[in-house]
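Enquirer: sequence first, then the predicted structure, then my questions.
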Amino acid sequence: MFSFFKKVADHDGNEEKHEFNFELVGCALAYEVAKADGDIDENELMALQGEINKQAQKLGLDENDVMSTIERQSNELVSFNDFINQINEHFTKDQKIQMIKFLWQTAYADNVLDVDEERLIRRIADMIRIKDIEVLKLKDIVKNTN
């Protein structure tokens, strides 16, 4: 089974640090958004599973392993700080925007935007330094295409 974090030796080869498998961060955060209202709707799960399947295939991973790892890590998750720090270090602004758009798509998959889902997306966007006006534009785009 894979891990979200892969161990990488530092430039001296002495210590290990953790680097994120970037392709999966959006899926992990989308899972958190989907469960923010206390219930993961079947449509939310289908939207999430579609992205997981695409990313798993790209990475050569089993999509069931990816999903079970996301679920397990979600249950163990204390903070988003590791995710956020890696996103801020390695994602371009366009990648961040695409991720926020995917989070909105997941939240709207059941045609109901719960206040907790919105609050979580906006909190994530703020932490990855995406301006509120851009977040609201993405929300409107996704809302009108659902």
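Expert: All right, it came through fine.

Enquirer: doesn't Gly38 belong to a strand?
Expert: No - under DSSP: H, G, I helix; E, B strand; the rest coil, Gly38 sits outside any strand and is assigned coil.

Enquirer: need the pLDDT of the spatially closest residue to it that is not a sequence neighbour.
Expert: Leaving aside its chain neighbours, Gly38 sits nearest to Asp116 (7.9 Å; criterion: Cβ to Cβ, 6 or more residues apart in numbering). From N, CA and C alone the C-beta is placed, and that goes for glycine too. Looking at Asp116, its pLDDT stands at 94.

Enquirer: isn't Asp116 right up against Ala34?
Expert: No - counting by Cβ atoms under 8 Å, Ala34 is not a contact partner of Asp116; they are 10.9 Å apart.

Enquirer: which SS class is Asn111?
Expert: Once three-state DSSP is applied, Asn111 turns out coil.

Enquirer: please tell me how far it sits from Val142.
Expert: From Asn111 across to Val142, the span is 11 Å (Cβ to Cβ, to the nearest Å).

Enquirer: neighbour-wise, which of those two wins?
Expert: In this view Asn111 and Val142 are compared by other Cβ atoms under 10 Å, and Val142 has more residues nearby, 20 against 9.

Enquirer: quickly find the element holding that one.
Expert: helix 132-145 (DSSP states H and E).

Enquirer: show me what contacts the residue nearest to Gly38?
Expert: By Cβ atoms under 8 Å, 6 or more residues apart in numbering, Asp116 lies in contact with Ala36, Asp37, Gly38.
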